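A.B. asks: next comes the sequence, and after it the predicted model I'd like to discuss.
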Amino acid sequence: MSERETVRIGVYVCHCGTNIAATVDVKSLAEYAGLLPNVVLSRDYKYMCSDPGQDLIRQDIRDRQLNRIVVASCSPHLHEHTFRTALKVGGLNPFYFHMVNIREQASWVHENRAQATRKAKNLVSAAVQRVAFHQPLERGRVAIQPDVLIVGGGIAGIHAALTLANAGKHVFLVEREATIGGHMARFDKTFPTLDCAACILTPKMSAVRAHPNITLWTYSEVTKVDGYVGNYKVTVLRQPRYVDEDLCSGCLECIEACVYKQAKVPDDFNLGLSKRRPIYIPFPQAVPQVPVVDPETCIQFKSGKCKTTCIAACGDRHAINLRMEPKEERIEVGTVILATGFQTFDAHRVPYYGYGKYPNVYTALEVERLVNASGPTAGEVVLRDGRRPEAVGIVHCVGSRDENTHRWCSRVCCMYSLKLAHLIKEHTGAEIFNFYIDMRTPGKGFEEFYQKLLTERVHFIRGRVAEVTDWALDPTEEGKLVIRVEDTLAGFVRRIPVDMVVLATGLEPRTDAPEVRRLFNISCASEGFFLERHPKLAPVNTFTDGIFLAGCCQGPKDIPDTVAQAGAAAAEALALIDAGYLETEPNTAHVEEEKCCGCKTCISMCPYHAVAFVDEIHKSRVNEVLCKGCGTCVAACPSGAIRQNLFEDDEIFAEIEGVFSNA
Amino acid sequence: MMSGVYGYFPGCSLKGTGVAYEESLLALFRALHLGLAELEDWNCCGATSYMSIDERDAFSLSARNLTMTQKAGHRDLIAPCSACYLALRKTQDYLDRYPKIAGGNGSLTSIRAVRVRHPLEVLYTDVGVERIRKTVARHWHGGRVACYYGCQTVRPYSEVDRDHDPVRMDELLGAAEIPTVDYSLKTKCCGGSLTGTTHDVGVRLVYILLKEAARKGAEAIVTVCPLCQYNLDAYQSEIRRSSGERLDMPVLYFTQVLGWALGAEIESLGLARAISGRKRIAQWFQPAEKEAYV
């Protein structure tokens, strides 16, 4: 490496059809490149990324003894890998290559052909100067631990866990709530087929519990994540549920035996529409089928003077242990799937719809519980005073498509509103009014379902509801909730008196999503949903290798899309695990130890936590697997002790000289 | 800098149709030992037709008032009329967002520092519900009232109360032991200038407001805005003539009912200027009560 061979550079100018050639004079660019120092050969070609284009490079390496290659074409994001592979096949080290972007950075952004061509020449000149200094580099490999962590036990986490477990991988499934099932467990029916949500979900929940390859930790949270792709070290905090999962048989006699004869505590699972006891299971098919004790309301925790009839009922099993402590589990996994889900928009934020003020204004999720046979009213759709509603208004887009709350469409509300309209009509025979901005029914069978609802005489009024109010203009409105809306098809303002209002609240990122992001070092889009690596081509990957996304934590989606995405995330994890290793890019930073003064500036600057301090030698060291090659530490180091492959000083200075050589 | 004294911008209403508002505001502030100094040589706030014809004229008028506030050494300027309040704040907001309109030498940029306040918000924030509760000097023996905030206090630029669902007047009156009703129309249109231009539309809006307040069991409406007060108060006899419906609903300023509760002199509250519901007003605001309570 130290002895300097003769540099023989080949330059290839791509037309990219007319993408580049229409604005940059590719012929004169190639001619110009041919005259630059060390350039042995320069060509222009219609599509450099095509097989014949790559063949050109391979042949020229062989026939003309080229040892450096410059391609002037599109963004390195697209084809750097293609051309590096071509070099490798041609027998050259793939890093004897530099790519010049004359499309996104010249032809696409300029109109003046002469100036665009001049800019392209400067860029090519810079690349030619720089590539002469390139050194051969090798890619590293990281071994991938085969175990997988899945965070979140909704339908996304459940599906991904079963897929991986069935493929023979060990899965740790961590769920914060006392049961898995997530939002889907609360639904009655699913659109557009109206299958029973529980009937299709609970078999999968049971399968999770029974699967030998799945370790299920409910009532637990991930508290710490260290390491990197293939080697994540994760700490999970398991909250005490005060009932031992291994000893409990799921007979639930303890719940019956509780000294509270009347349930008094608002039941979270039913969104406060019913009451539970301090010892409870969230719902009949909960997994695991193990009760939880809520220390906030249990008398024994509050006063220590309870008769603890629950413990007596449990008898010889001794499953109830009110002295249970939180427990930390430490695991090592190679990959992580985040399936942390969503929360529904808080309807209190739009006071003009009267949620929290008028008792008979409900959120859609509450109505899901009302129509559910295992819900607080055993499937009876009744108002809070027990009356059956005769007219029901369903307000679409609550907290969606609204400048004042959330701009995005939550994708599921139109369909679940149709489903609820159908179910409420079926249960009560009430007149149903849907108030919508646009009906969005793009999924399989969705439009057909909408048509079916139209024949069921459900009313559809196009317009965003202005307010839900109780002021009455005439006796027909007395005692009713009045929905005021501009009917934008009929062109006038309407007042529709109803007994019950259902707010179709949208989906939003969970309040604690930023903490999850920090824990796993991933990013989010402006609205707060986790950001995929590429919206089209890497939809379940994140910018952190080995961490994948599934379900609504990445954005609103329905159950079919969630399951598809969970399967994709599982497949991506499997691909890594079965390859056994991941190749790393060599453009990483490294510390020259003799120059490092141990000031630790680099450690605080690194956004990827890739620099660590080695106490024994009092110097910094870069972990090449974690390093993303951003160069921040290189620039920050006050003693110039950090260098970065492919961004060496001589390479950068040569590049700068090249840019200005025509100035 | 005059400390402890609020600058006071009456605007045209408080010297004309809304003079009862000015009288009761001054009396209430005296009862609370708060200083109020009327801005000298003030001019129109610009909220009238100026704003719809040429905003720059409106902003210039407001800017002059704000400049004079600074010259007088006031940090806070109280604008009791909702329209004045909004025009002054809108001017400040525009100066913030479009510094160009502040003129070449930027001499107007500093007037953004003036804090334009509405008396309802001053009472809620600077005085506070607790102090009102402790200062109550008279037991209320009137009926329940509907707190009516009007539309301008909840628009953009305003910081009087929360949008859509203002509650501060209800809380202040509650602290003064004055019972209120849940009034769903509390931010709906009073008819504004429609009562003058498209009369039947304006009067219909007034009718809806009065009728709903009565339906909710209110025996008076309490307002924070001189135009709201005027519209609701002045057209009740017309409604009676056209529909035969006797509403007789007193429409009072919040400064009148609070001033009374906090012990201000009854003669100074401008109660005699009311048009509608005079019998009820006379029954509710009886001077003898003062002695009885002490």
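C.D. replies: That came through, no problem.

A.B. asks: low-confidence stretches in the stretch 501-650 of chain A?
C.D. replies: For the stretch 501-650 of chain A, not a single residue meets the criterion pLDDT under 70.

A.B. asks: mind listing the helices for it?
C.D. replies: A:513-520, A:559-579, A:601-605, A:632-636, A:649-660 (DSSP state H, counting those that start in this stretch).

A.B. asks: what's the answer for the stretch 151-294 of chain B, then?
C.D. replies: Using DSSP H, counting those that start in this stretch, helices in the stretch 151-294 of chain B cover B:168-175, B:194-197, B:199-215, B:226-234, B:236-243, B:254-261, B:278-284, B:288-293.

A.B. asks: weakest of these by average pLDDT?
C.D. replies: Ranked by mean pLDDT, the helices of the stretch 151-294 of chain B bottom out at helix B:288-293, with a mean of 50.

A.B. asks: how many other residues sit next to the residue of the stretch 151-294 of chain B found nearest chain A?
C.D. replies: Nearest residue of the stretch 151-294 of chain B to chain A, counting by Cβ to the nearest Cβ: B:Asp165, 3.9 Å away. In short, each C-beta sits where N, CA and C put it, glycine included. Neighbourhood size, B:Asp165 [other Cβ atoms under 10 Å in any protein chain shown]: 16.

A.B. asks: again, but for A:Thr542
C.D. replies: 22.

A.B. asks: up against chain B, what does chain A have?
C.D. replies: Within chain A, the positions near chain B by Cβ under 8 Å from any Cβ of the partner chain are A:Val350, A:Pro351, A:Tyr352, A:Thr469, A:Asp470, A:Trp471, A:Ala472, A:Leu473.

A.B. asks: A:Val234 touches A:Val222, doesn't it?
C.D. replies: Yes: with contact defined as Cβ atoms under 8 Å, A:Val234 reaches A:Val222; the gap is 6.0 Å.

A.B. asks: next, show the common contact partners of these two.
C.D. replies: A:Leu149 (Cβ atoms under 8 Å, 6 or more residues apart in numbering or on different chains).

A.B. asks: which pLDDT value goes with the closest residue to chain B within chain A?
C.D. replies: Residue of chain A nearest chain B, by Cβ to the nearest Cβ: A:Pro351 (3.9 Å). On pLDDT, A:Pro351 comes in at 93.

A.B. asks: what's the closest non-adjacent residue to it?
C.D. replies: B:Asp165 (3.9 Å; Cβ to Cβ, 6 or more residues apart in numbering or on different chains).

A.B. asks: got CSV for the residues of chain A next to chain B, with distance to A:Asp188 and neighbour count too?
C.D. replies: Below are these laid out as CSV (distance: Cβ to Cβ, whole Å; neighbours: other Cβ atoms under 10 Å in any protein chain shown):
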residue, distance to A:Asp188, neighbour count
A:Val350, 25, 23
A:Pro351, 29, 17
A:Tyr352, 29, 17
A:Thr469, 29, 21
A:Asp470, 29, 18
A:Trp471, 34, 20
A:Ala472, 33, 19
A:Leu473, 36, 14
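
A.B. asks: name whatever forms a beta bridge with the residue of the stretch 1-150 of chain B found nearest chain A.
C.D. replies: As assessed by Cβ to the nearest Cβ, chain A sits closest to B:Ala146 within the stretch 1-150 of chain B, at 11.0 Å. In this entry, B:Ala146 is beta-bridged to B:Ile221, by DSSP bridges.

A.B. asks: with A:Val361 instead?
C.D. replies: A:Val501.

A.B. asks: which residues does the residue lying closest to B:Ala213 once chain neighbours are set aside contact?
C.D. replies: Spatial nearest neighbour of B:Ala213, chain neighbours left out: B:Ala146 (4.0 Å); criterion: Cβ to Cβ, 6+ apart. The contact partners of B:Ala146, taken as Cβ under 8 Å, 6+ apart, are B:Thr180, B:Val181, B:Tyr183, B:Lys186, B:Ala213, B:Lys216, B:Ala218, B:Ala220, B:Ile221, B:Val222.

A.B. asks: and which of these is nearest A:Ile461?
C.D. replies: Nearest to A:Ile461 among the contacts of B:Ala146: B:Lys186, at 26.0 Å, using Cβ to Cβ.

A.B. asks: run a quick neighbour tally on the closest one.
C.D. replies: Neighbours around B:Lys186, by other Cβ under 10 Å: 24.

A.B. asks: check what pLDDT it gets.
C.D. replies: In this model, B:Lys186 carries a pLDDT of 96.

A.B. asks: count of neighbours near A:Cys314?
C.D. replies: With other Cβ under 10 Å as criterion, A:Cys314 counts 23.

A.B. asks: that one against A:Glu253, yeah?
C.D. replies: Yes: in terms of Cβ under 8 Å, A:Cys314 counts as a neighbour of A:Glu253; the distance is 7.2 Å.

A.B. asks: isn't B:Ile101 right next to B:Tyr94, touching?
C.D. replies: Yes: if you go by Cβ under 8 Å, B:Ile101 and B:Tyr94 touch, sitting 6.3 Å apart.

A.B. asks: overlap of the contact sets of those two?
C.D. replies: B:Phe59.

A.B. asks: and these two? Which one has more around it.
C.D. replies: B:Tyr94 (20 against 15).

A.B. asks: surely the more buried one touches B:Ala102?
C.D. replies: No: with contacts counted by Cβ under 8 Å, B:Tyr94 stays clear of B:Ala102, the gap being 9.2 Å.

A.B. asks: which residues touch the strand or helix carrying A:Val367?
C.D. replies: Using DSSP states H and E, A:Val367 sits in helix A:364-371. For helix A:364-371, the external contacting residues (Cβ under 8 Å, 6+ apart) are A:183, A:186-189, A:270-271, A:273, A:344, A:362, A:375-377, A:379-382, A:394, A:413, A:416-417, A:420, A:423-424, A:427, A:502-505.

A.B. asks: what about those residues, which are in strands?
C.D. replies: Counting by DSSP state E, the contacts of helix A:364-371 place A:Lys189, A:Thr344, A:Tyr362, A:Ile394, A:Val502, A:Leu503, A:Ala504, A:Thr505 in strands.

A.B. asks: just the buried members of the residues you listed?
C.D. replies: Listed as buried from the ones in strands among the contacts of helix A:364-371 are A:Lys189, A:Thr344, A:Tyr362, A:Ile394, A:Val502, A:Leu503, A:Ala504, A:Thr505; burial here means 16 or more other Cβ atoms under 10 Å in any protein chain shown.

A.B. asks: which two of these have the greatest separation?
C.D. replies: Among those, A:Lys189 and A:Leu503 lie farthest apart (Cβ to Cβ), at 19.2 Å.

A.B. asks: for residue 250, give me its contacts.
C.D. replies: Let's take chain A. A:Pro288, A:Gln289, A:Val290.

A.B. asks: wait, chain B
C.D. replies: By Cβ under 8 Å, 6+ apart, the neighbours of B:Pro250 are B:Glu219, B:Ala220, B:Ile221, B:Ala274, B:Ser276, B:Gly277, B:Arg278, B:Arg280, B:Ile281, B:Trp284.

A.B. asks: the same query, at a cut-off of 10 Å, please.
C.D. replies: B:142-143, B:145, B:218-222, B:232-233, B:236, B:256-257, B:271, B:274-282, B:284-285 (Cβ atoms under 10 Å, 6 or more residues apart in numbering or on different chains).

A.B. asks: nothing else from me, thank you.
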